[in-house]
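Asks: Turn this into a model:
(one chain, ligands or ions: 1)
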Amino acid sequence: MTCHFIPPYLLRQLATKAGDERVGPSPQSTLEVDEAFRLHRTTAARGLQTAVAPSTADRIIHTANNTQTLPGEVARTDEQPPVGDLAVDEAWDSSAQVWDLFDQIFGRASMDGQGTTLSVTVHYGVNYDNAFWDGQQLVFGDGDGKIFDRFTKPMDVLAHEFTHGVTQFTAALGYQDQPGALNESVSDVFAAMTKQRALDQTADQADWLIGEGLFLPSVKAIALRSMKDPGTAYDDPLLGKDPQVGSMADYVDTNEDNGGVHLNSGIPNRAFALASIAVGGRSWDQTGKAWYDALTGGEVNSTTDFAGFAQATINSSTRLFGADSAVTQQISAAWTEVGVLGARTAPAQPETDGAGAPTDGPLPVTKVAVKRTGGFAGHTRTGELDLLSDPQGEEVRNLLLSVDLQDLLVSPPTPDRFTYTVEYGQSRLVVPEQDLTPELDRVVRMVLGD
Ligand SMILES: [Zn+2]
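Replies: Model (predicted):
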């Protein structure tokens, strides 16, 4: 199983504003200019961390050196001191935080519970706007330098991806519709606990933000998602408004993003935040333990829906703290508040994007259209190229003609990875990033203007 971080709706917004100077790959110089400022902010953030038990984390950080070769070269391991590469050192620190949350609070050694060494790769690809778990290791891009900063920068991005690995080894929630939104939510829940524990915050002190610092300062955003108030993390001329929902009344039915997994995850996210704040104290002491027990106790599986997961957290809390305990009652109240339990059910919603196709209706045979959906931030990017008038038209047409559909392998949806839709006349191909052939990879890059 693979797991990526950025969602589709943001990318669609970006594509419609393609003339904006912030869209597109960043010159190397922009990255270098920002380096001193970033270093300052990273150091300041680390200063907030309080003393917790020494880390037991066993990890190796690699660098792909801006290629897509995994795992790449070893960049930091054992008890080496900081190496001076921000992405490497951030991944080193964040992996210790999430490892220690699972080990010291929930008694789980590494993702698999067997203490297996964690493998992380940074500097993946060029201007790569995503982070993912590929079933073997965590992978991080450097961001485009225009909208997204380094994906290693906020510690909760790494914790989110690590938790996809824990989910894979435990409940094995699917990655489509409600089980997929739960898979996403569980990753945010444990990411939030990782950050709150590192900052030594109680539930009511916490900001409940995911991906704070991931957007560059020119973007009007406080973070990528808000667990306490889904839909309020950003409102930017380029990105649009955060479309996440926090209640079943607003549940989004869509074919994009594996059934809106990054949108509807706001509903269980908000239930966890509401319950934790109502219970008081540290989120990992009570509600977090109920969530962990539900995830690992055997009641939740690949097809569990919101109501099934809600019941599992109540059952776990009852076992751990008693049926009449405040935590059990607050968990139940929170699931009712977000409309998952109780009388309120989801009304029928129109689909936000019927077929998930880049354009309406069949394309003229002289055009090719590409759409990229999925990913950690849930961004969509689209592009179109005219095969007759575009200077690259002939190359794209020859590449498309050379694609052998028999050779295309299409794997099941995997957390946080991109999916590409390629339309050419009446033909339409939907291919996960990891299954792109070299020819299709070149086509999607040219049409999207990478
Ligand atoms: Zn994810």
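
Asks: Quick one: the helices in the stretch 351-450 of the chain, in order.
Replies: 393-402, 438-448 (DSSP state H, counting those that start in this stretch).

Asks: Of the ones you listed, which shows the lowest average pLDDT?
Replies: Note on these: helix 393-402 shows the lowest mean pLDDT, a mean of 83.

Asks: for residue 334, helix, strand, or coil?
Replies: helix (DSSP: H, G, I helix; E, B strand; the rest coil).

Asks: what's near enough to touch it?
Replies: 270-272, 274-275, 278 (CB atoms under 8 Å, 6 or more residues apart in numbering). C-beta coordinates here come from the backbone N, C-alpha and C atoms, glycine included.

Asks: Which secondary structure elements does the longest helix anywhere in the chain sit against?
Replies: Looking across the chain with DSSP state H, the single longest helix is helix 177-198. When contacts are defined as 3 or more CB pairs under 8 Å, 6 or more residues apart in numbering; DSSP states H and E, helix 177-198 sits against helix 86-100, helix 155-169, strand 209-210, helix 257-264, helix 266-279, helix 287-296, helix 306-321.

Asks: Tell me which of the helices of the stretch 351-450 of the chain lies nearest to residue 142.
Replies: Of all those, helix 438-448 sits nearest to residue 142, with 16.8 Å by CB to CB.

Asks: And the closest residue in space to residue 82 that isn't next to it in sequence, what's its pLDDT?
Replies: Nearest residue to residue 82, sequence neighbours excluded (CB to CB, 6 or more residues apart in numbering): residue 89, at 4.6 Å. You'll see residue 89 listed with a pLDDT of 97.

Asks: How many residues are close by residue 89?
Replies: Using other CB atoms under 10 Å, residue 89 has 20 neighbouring residues.

Asks: Verify the contact between it and residue 81 for me.
Replies: No. The criterion here is CB atoms under 8 Å, and residue 89 misses it with residue 81 at 9.4 Å.

Asks: isn't residue 436 right up against residue 442?
Replies: No. Counting by CB under 8 Å, residue 436 does not reach residue 442; the two are 9.1 Å apart.

Asks: Those two: who's more crowded?
Replies: Regarding residue 436 and residue 442, a neighbour count based on other CB under 10 Å identifies residue 436 as having more, with 19 against 15.

Asks: can you tell me which residues contact residue 440?
Replies: 399, 403, 420, 422, 429, 431.

Asks: Sorry, slip of the keys, the one I care about is residue 214.
Replies: Neighbours of residue 214 in contact, by CB under 8 Å, 6+ apart: 143, 148-149, 151, 153-154, 157, 223-224, 377.

Asks: what residues does this structure put near the ion?
Replies: 187, 415-416 (CB under 5 Å from the ion).

Asks: And the residue of the stretch 201-350 of the chain closest to the ion?
Replies: residue 262 (7.3 Å; CB to the ion).

Asks: Neighbours of that residue, how many?
Replies: Residue 262, neighbours per other CB under 10 Å, totals 32.

Asks: same deal with the one 10 residues further on?
Replies: Neighbour count of residue 272, defined by other CB under 10 Å: 30.

Asks: do you know how far it is from residue 185?
Replies: Per CB to CB, to the nearest Å, residue 272 is found 7 Å from residue 185.

Asks: out of the contacts of residue 334, which are buried?
Replies: 270-272, 274-275, 278 (16 or more other CB atoms under 10 Å).

Asks: TSV for the contacts of residue 334, including distance to residue 73 and pLDDT?
Replies: Formatted as TSV, those follow (distance: CB to CB, whole Å; pLDDT from 0 to 100):
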residue	distance to residue 73	pLDDT
270	41	98
271	42	98
272	38	98
274	45	98
275	44	98
278	48	98
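
Asks: what's residue 135 sitting at in phi/psi?
Replies: phi 100, psi -20 (degrees, to the nearest 10).

Asks: That one against residue 169, yeah?
Replies: No. Using CB under 8 Å, residue 135 is not in contact with residue 169, being 10.6 Å away.

Asks: what do the two both touch?
Replies: With CB under 8 Å, 6+ apart, residue 135 and residue 169 have no common neighbours.

Asks: of all of the protein, which residue lies closest to the ion?
Replies: Counting by CB to the ion, the chain gets nearest the ion through residue 416, at 4.0 Å.

Asks: Neighbours of that residue, how many?
Replies: Applying other CB under 10 Å, we find 31 residues neighbouring residue 416.

Asks: Surely it and residue 135 touch.
Replies: No. Shown here, residue 416 and residue 135 do not form a contact pair, counting by CB under 8 Å, at 11.9 Å.

Asks: Check residue 379 and give its pLDDT.
Replies: Predicted confidence (pLDDT) for residue 379: 75.

Asks: and what of residue 3?
Replies: pLDDT, residue 3: 50.

Asks: Over to the one 5 residues further on?
Replies: Looking at residue 8, its pLDDT reads 57.

Asks: Assess the claim that the residue of the stretch 201-350 of the chain closest to the ion and residue 183 are in contact.
Replies: No. In terms of CB under 8 Å, residue 262 does not count as a neighbour of residue 183; the distance is 10.5 Å.

Asks: For the contacts of residue 440, pick the one with the most neighbours.
Replies: Neighbour max across the contacts of residue 440 (other CB under 10 Å) = residue 420, 24 neighbours.

Asks: I'd say it and residue 444 touch.
Replies: Yes. Using CB under 8 Å, residue 420 is in contact with residue 444, at 5.1 Å.

Asks: Next, show the common contact partners of the two.
Replies: Contacts common to residue 420 and residue 444, judged by CB under 8 Å, 6+ apart, are 370, 372, 436.

Asks: which one of these is nearest residue 101?
Replies: Nearest to residue 101 among those, with distances taken as CB to CB, is residue 372, at 32.1 Å.

Asks: Read off the pLDDT value for the closest one.
Replies: pLDDT recorded at residue 372 is 86.

Asks: Now it. Nearest residue, chain neighbours left out?
Replies: Closest to residue 372 by CB to CB, 6+ apart is residue 381, at 4.5 Å.

Asks: which regions of the stretch 201-350 of the chain lie under the pLDDT threshold?
Replies: 343-350 (pLDDT under 70).

Asks: and if you look at the stretch 1-150 of the chain?
Replies: Where the stretch 1-150 of the chain drops to pLDDT under 70, the residues are 1-52.

Asks: which residues in it form strands?
Replies: 3-4, 59-63, 73-76, 118-124, 131-133, 138-141 (DSSP state E, counting those that start in this stretch).

Asks: Adding distance to residue 107 as columns, could you present the buried ones among the contacts of residue 334 in a markdown table?
Replies: Shown next, in a markdown table, are the buried ones among the contacts of residue 334 (distance: CB to CB, whole Å):
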| residue | distance to residue 107 |
| --- | --- |
| 270 | 27 |
| 271 | 24 |
| 272 | 20 |
| 274 | 26 |
| 275 | 22 |
| 278 | 26 |
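
Asks: Of all pairs in those residues, which one is the farthest apart?
Replies: Longest span within the buried ones among the contacts of residue 334, CB to CB: 270 and 278, 12.1 Å.
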